[in-house]
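Chemist: Mind looking at a prediction? Sequence and model below.
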Amino acid sequence: MPAGELFINGQDAYNTWGLSLEDEGLSRLVTPRPHKQPVTNKNVTANGAAVVVGTGYVDERTISLPMHITAPDKATFWARYDAFCQSVLNGTQPITLRSVYKDETFHLYYQDVQNFTEFMQQLAKFDVVFYEANS
């Protein structure tokens with residue numbers, strides 16, 4: 001995603017950190033959230049289970065977003081990477097994430113980074129795992 005397409009905490013991710021979502025990142029973000037299990041009661045004196053209908057609340061979810069950071073040189077790469085870690089991956093505050101492709105703001109909590117690969121200190125690819133508590 002080039003400049004002007006992904007915003008984290010109100011900042012353009014590409015202009016600020018050289019950060020973009022990989023192709024499947026937006027798909028993972030907009031995948032519908034799961035529903036919580038309905039309220040049920042298994043009475044031993046009745047067949048089956050009684051189900052309370054109309055309690056269709058959505059559940060929390062964990063989202064793994066594939067991202068990459070690019071830079072023209074080693075110094076810029078490490079400056080961008082360190083700034084991204086300090087402002088987004090510190091885990092002290094939830095982040096807001098918004099894309100121009102869907103008019104929705106996501107409130108996410110950082111959990112983990114997985115599958116980190118780095119090439120020539122100018123490109124890093126990784127999956128950032130976020131937790132979305134409330135919709």
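Modeler: Nice, thanks for sending it over.

Chemist: any low-confidence regions in this structure?
Modeler: For the chain, applying pLDDT under 70 flags the ranges 1, 55, 135.

Chemist: Would you map the helices across it?
Modeler: Secondary structure of the chain (DSSP state H): helices at 13-17, 25-30, 74-87.

Chemist: Which one of these lies nearest to residue 108?
Modeler: Ranking those by proximity to residue 108 (C-beta to C-beta) places helix 25-30 first, at 9.2 Å. Every C-beta, even on glycine, is put in place using the N, C-alpha and C of the backbone.

Chemist: Just give me how far the closest one sits from the chain centre.
Modeler: Centroid displacement of helix 25-30 relative to its chain, using C-alpha atoms, centre = their mean, to the nearest Å, is 8 Å.

Chemist: How about stretch 29-43?
Modeler: That offset, for stretch 29-43, works out to 21 Å (C-alpha atoms, centre = their mean).

Chemist: Repeat that for stretch 125-135.
Modeler: With C-alpha atoms, centre = their mean, you get 3 Å for stretch 125-135.

Chemist: Can you give me the neighbour number for the closest residue to residue 121 other than its chain neighbours?
Modeler: The spatially closest residue to residue 121, leaving aside those adjacent along the chain, is residue 74, at 4.5 Å (C-beta to C-beta, 6 or more residues apart in numbering). Residues near residue 74, counting by other C-beta atoms under 10 Å, number 11.

Chemist: how near is residue 74 to residue 123?
Modeler: 11 Å (C-beta to C-beta, to the nearest Å).

Chemist: Run through the residues that contact residue 100.
Modeler: Counting by C-beta atoms under 8 Å, 6 or more residues apart in numbering, residue 100 touches 4-6.

Chemist: CSV for these, including neighbour count and distance to residue 36?
Modeler: Putting the contacts of residue 100 into CSV (neighbours: other C-beta atoms under 10 Å; distance: C-beta to C-beta, whole Å) gives the following:
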residue, neighbour count, distance to residue 36
4, 11, 36
5, 16, 33
6, 23, 30
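
Chemist: For those residues, give me TSV that also has distance to residue 94.
Modeler: Below are the contacts of residue 100 laid out as TSV (distance: C-beta to C-beta, whole Å):
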residue	distance to residue 94
4	23
5	21
6	17
